[in-house]
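Asks: my questions are about this predicted structure, shown below with the sequence.
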Amino acid sequence: MLKLGLVFAGGGGKGAYEIGVWKALRETGFDRYVRAAAGTSVGGLNAALFVQGDYEIAEQIWENISPQQILSRKNRAQKAMEKGEGYRRSIFTRAGMRDIIDRNLNLGIFDESGLNCYLACYKVKEESKFMHLFNKLDSKKSDENRHNLFRKLLISEQIIEKKATYFNLRNYTFEERKRILLATSAIPLIFPDERVRNAHFVDGSVRDNVPILPLYCQEKCNMIIVVHLKRESDLICYDEYPNARILEIVPKENLGGIFRGVLDFDPSHAKERIEMGYRDAIGAFADLKDRQRREIAHMSTVGEEMKKERIYRDMIKRQDEEYERLCKNV
């Protein structure tokens, strides 16, 4: 039986592409086979929206998004607090993302839905080091170089755990679910880390941008669709998932880098990326359907041949038994 898993990669503003893939899933009917979803960063938000099951809401979010909404500037009080504490936690606040979650996501759906939703995050081990790491960066470097350096320092100085934490939203309270959604998209340097229960967490894209593991190990999915947000896709070792077929959807066109991609929340660009995701995925899913039809036809043929073989074996067996019976009576 087909047990389909869906993985949405992280990539900030490029995440609109994943909504286009969802649209293609609906049109081909494959969305009915999805048994669990997982995501990192913006892919975590899209995975949660997918589990909620309202495509129109997801599309509306992306087609009406704005840079000011996501890249919320700090107010004077927040800046003064950071100055007094001697360190900066991030460039932007999470006010816009909180508003998107509050207005559009039914946090109770994860209790009601038959689909589990897993979000990838990384736990901060050395909180004091993490807080002051911002000040180590050279302010003369570009924001993109500083961001990449920050990620490398997080790993090299062992400030975050080596293994990702995969939160199954079903197992947490409403407030914790909101915090986890913020944590998985807490891009280091760009947004502040998020506290969940007694620990601090950052964006899962630091190391695991395509969280396949929970769908394979916990959900036992035998087919997993992975939606990437960059052409040089995250390397997947197929040998680690021997019992699952993995279908990768990779953008045919470049979705952009840090500024023209990850931090690009222009609604007109979001619409273009939705269309790109739809075009790339609809072809892949059509090929998949054709392959399924061929496999079913092949299995039917094989089944008929096996049926004939069983009939033949049974006939030979009966003949042998009749021969032995006759021999005994001679």
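Replies: Now that the structure is in, tell me what you want to look at.

Asks: going forward, measure contacts and count neighbours with C-alpha atoms only.
Replies: Fine.

Asks: contact partners for the closest residue to Val51 other than its chain neighbours?
Replies: Taking C-alpha to C-alpha, 6 or more residues apart in numbering as the measure, Val51 lies nearest to Leu115, with 6.4 Å between them; neighbours along the chain are not counted. Leu115 makes contacts with Val34, Arg35, Ala36, Ala37, Val51, as judged by C-alpha atoms under 8 Å, 6 or more residues apart in numbering.

Asks: would you agree the fourth one is in contact with Leu215?
Replies: The reference is to Ala37. Yes: shown here, Ala37 and Leu215 form a contact pair, counting by C-alpha atoms under 8 Å, at 7.3 Å.

Asks: these two: which has the busier surroundings?
Replies: Ala37 (31 against 25; other C-alpha atoms under 10 Å).

Asks: bridge partners for that one, pull those for me.
Replies: Beta-bridge partners recorded for Ala37 (DSSP bridges): Leu6, Cys117.

Asks: what does the pLDDT read for it?
Replies: Ala37 is assigned a pLDDT of 98 by the prediction.

Asks: cool, the one 10 residues further on as well?
Replies: The predicted structure scores Ala47 at 98 on the pLDDT scale.

Asks: contacts for the host helix or strand of it, please.
Replies: Element membership of Ala47 [criterion: DSSP states H and E] is helix 42-52. With contacts defined as C-alpha under 8 Å, 6+ apart, helix 42-52 is touched by 7-13, 15, 18-19, 22, 37-39, 55, 58, 105-106, 109-110, 113, 115-120, 181, 184-185.

Asks: how about Pro211, what does it touch?
Replies: Contact criterion C-alpha under 8 Å, 6+ apart gives Val7, Ala9, Ala38, Gly39, Thr40, Leu119, Ala120 as the residues in contact with Pro211.

Asks: hmm, back to that, most surrounded residue in the contacts of Leu115?
Replies: Ala37 (31 neighbours).

Asks: give the contact list for that residue.
Replies: So, once contact is read as C-alpha under 8 Å, 6+ apart, Ala37 ends up touching 5-8, 47-48, 50-51, 115-118, 215.

Asks: helices along the stretch 151-300 of the chain, start to end?
Replies: In chain order, the stretch 151-300 of the chain shows helices spanning 174-184, 213-217, 267-329, with DSSP state H, counting those that start in this stretch as the criterion.

Asks: list the helices and strands whichever strand or helix holds Glu27 packs on?
Replies: Using DSSP H and E, Glu27 sits within helix 16-28. Helix 16-28 sits against helix 42-52, helix 55-63, helix 267-329, with contacts defined as 3 or more C-alpha pairs under 8 Å, 6 or more residues apart in numbering; DSSP states H and E.

Asks: can you rerun that using 6 Å?
Replies: The helices and strands touching helix 16-28, judged by 3 or more C-alpha pairs under 6 Å, 6 or more residues apart in numbering; DSSP states H and E, are helix 267-329.

Asks: average pLDDT for the helix it packs on?
Replies: In this model, helix 267-329 has a mean pLDDT of 72.

Asks: next: stretch 75-94.
Replies: Along stretch 75-94, the predicted confidence averages to a pLDDT of 64.

Asks: from here on, call the first residue 53.
Replies: Happy to do that; since the first residue is 53 now, the last one works out to stretch 127-146.

Asks: what's the end-to-end length of it?
Replies: 12 Å (C-alpha to C-alpha, to the nearest Å).

Asks: then stretch 154-162?
Replies: Across its full length, stretch 154-162 reaches 15 Å end to end, with C-alpha to C-alpha as the criterion.

Asks: buried residues in that stretch?
Replies: Residues of stretch 154-162 classed as buried under the neighbour-count rule (16 or more other C-alpha atoms under 10 Å) are Leu157, Leu159, Ile161, Phe162.

Asks: show residues contacting that stretch.
Replies: Residues lying outside stretch 154-162 but in contact with it, judged by C-alpha atoms under 6 Å, 6 or more residues apart in numbering, are Arg222, Phe226.

Asks: swap in 8 Å and give it another go.
Replies: Looking at what lies outside stretch 154-162 - C-alpha under 8 Å, 6+ apart - the contacts are 100-101, 103-104, 109, 113, 168-169, 221-222, 226, 229-230.
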